[in-house]
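> structure of the sequence below:
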Amino acid sequence: MKKLLNAASKAIAKNRRKSLSNEIFSRHNGEVQMGAYKGLKLQGDSNVSRGPLGLKIFGLYETQVVHEITASAPFTDLINLGAADGYMSLGPLFAGLCERSICFEMTEAGRNAVQANAEMNGVADKVVIRGIADETLGAQLDEIGADLSRSVILCDIEGAEFDVLTKELLAALKNARIIVELHDRNMPAGLALREALIARIPDGNRARVLKAESNTFNGIEELERMHDLDRSLVLSDGRKIIGEWLVIEPAEGT
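The predicted structure follows:
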């Protein structure tokens, strides 16, 4: 009975979070209201969960990652492995932080969403959309003409990072700044995957782990007016475990 009640309460909270986010998204016509990507427009039809839409509208989605990207500006290419709806890949381009966005997305629905959002925001001519990120990534980036020494790579591929980011590929990408969302805590092998990935980082490159922090709603009147429970749901990332990212930076002087 306890398991059933726990499952039911989680499902109710999850659905309530999505409902609130949908309301916020509709109220603002899918336009980001604040933060680094203010003014960016999103269409609601994509292959990603609608639960974080409220966070995106208020500019509170993965703020730690956004800070890492903005701190790297200006740079030439934002290379996004797992582009989803394009919030993270089009946001820096729209904000003028980079000159081009190179998006790798395995699903057709995701690629269509990125294309539609790029067109809606008037940046489609500065966007390259490719399919799955795999062992051919280095060759594809060469073909596209990416200058890795002036690029930021954002990788969010739901656990495949431990297979895709081989020693050889990391060596090829050593001059880029790389931000990898880690999913090892949700996988059977656990932290051993993280340790193996870190061991593959080229000598001279620096690495650190970034943890998600609680979002603050101070100054956002729309959130201040909400019931405490509803506000907490909107501000939640909806993760099973705290979000973490591995930040790999080039050796000094490169």
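
> strands of the stretch 1-150 of the chain, start to end?
For the stretch 1-150 of the chain, the strands defined by DSSP state E, counting those that start in this stretch cover 75-81, 98-104, 127-130.

> so what touches the second one?
Residues from elsewhere that reach strand 98-104 (Cβ atoms under 8 Å, 6 or more residues apart in numbering): 73-83, 86, 89-90, 92-93, 111, 114, 118, 123, 126-133, 137, 141, 144, 146, 152. Bear in mind the C-beta positions are built from the backbone N, C-alpha and C, glycine included.

> give the buried residues for that strand.
For strand 98-104, burial by neighbour count (16 or more other Cβ atoms under 10 Å) applies to 98, 100-104.

> that one to strand 75-81, inter-axis angle?
Strand 98-104 runs at 20 degrees relative to strand 75-81, counting by axes from the mean of the first three to the mean of the last three Cα atoms, to 10 degrees.

> how far does strand 98-104 sit from its chain's centre?
13 Å (Cα atoms, centre = their mean, to the nearest Å).

> for that strand, which strands pair with it and how are they oriented?
strand 75-81 (parallel), strand 127-130 (parallel) (DSSP bridges).

> reformat the ones you listed as CSV; add distance to Leu193, mean pLDDT and mean neighbour count.
Listed next are the strands paired with strand 98-104 as CSV, based on distance: least, Cβ to Cβ, whole Å; pLDDT from 0 to 100; neighbours: other Cβ atoms under 10 Å:
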stretch, distance to Leu193, mean pLDDT, mean neighbour count
strand 75-81, 17, 98, 24
strand 127-130, 25, 97, 19
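
> can you say which of those strands is nearest to Asp184?
The closest of those to Asp184 is strand 75-81. By Cβ to Cβ, the value is 16.6 Å.

> can you list contacts of the closest one?
Residues from elsewhere that reach strand 75-81 (Cβ under 8 Å, 6+ apart): 69, 88-89, 92-93, 97-104, 133, 137, 141, 146-147, 150-157, 164, 176-177.

> 7 Å - rerun?
With contact meaning Cβ atoms under 7 Å, 6 or more residues apart in numbering, strand 75-81 is reached by 88-89, 92-93, 98-104, 133, 141, 146-147, 150-157.

> and for stretch 156-173?
Where contact means Cβ under 7 Å, 6+ apart, the residues beyond stretch 156-173 that reach it are 81-82, 133-135, 137-138, 148, 153, 155, 180-181, 183, 187, 193, 197, 200-202.

> I'd like to know which of those are buried.
81-82, 133, 137-138, 148, 153, 155, 180-181, 183, 193, 197, 201.

> residue boundaries of the helices in this structure?
2-27, 53-57, 63-72, 87-94, 108-120, 137-144, 161-164, 167-172, 191-199, 221-224, 228-235 (DSSP state H).

> out of those, which comes closest to Lys41?
Comparison of the helices of the chain against Lys41 by Cβ to Cβ identifies helix 108-120 as nearest, at 5.2 Å.

> which other helices and strands does that closest one contact?
helix 87-94, strand 127-130 (3 or more Cβ pairs under 7 Å, 6 or more residues apart in numbering; DSSP states H and E).
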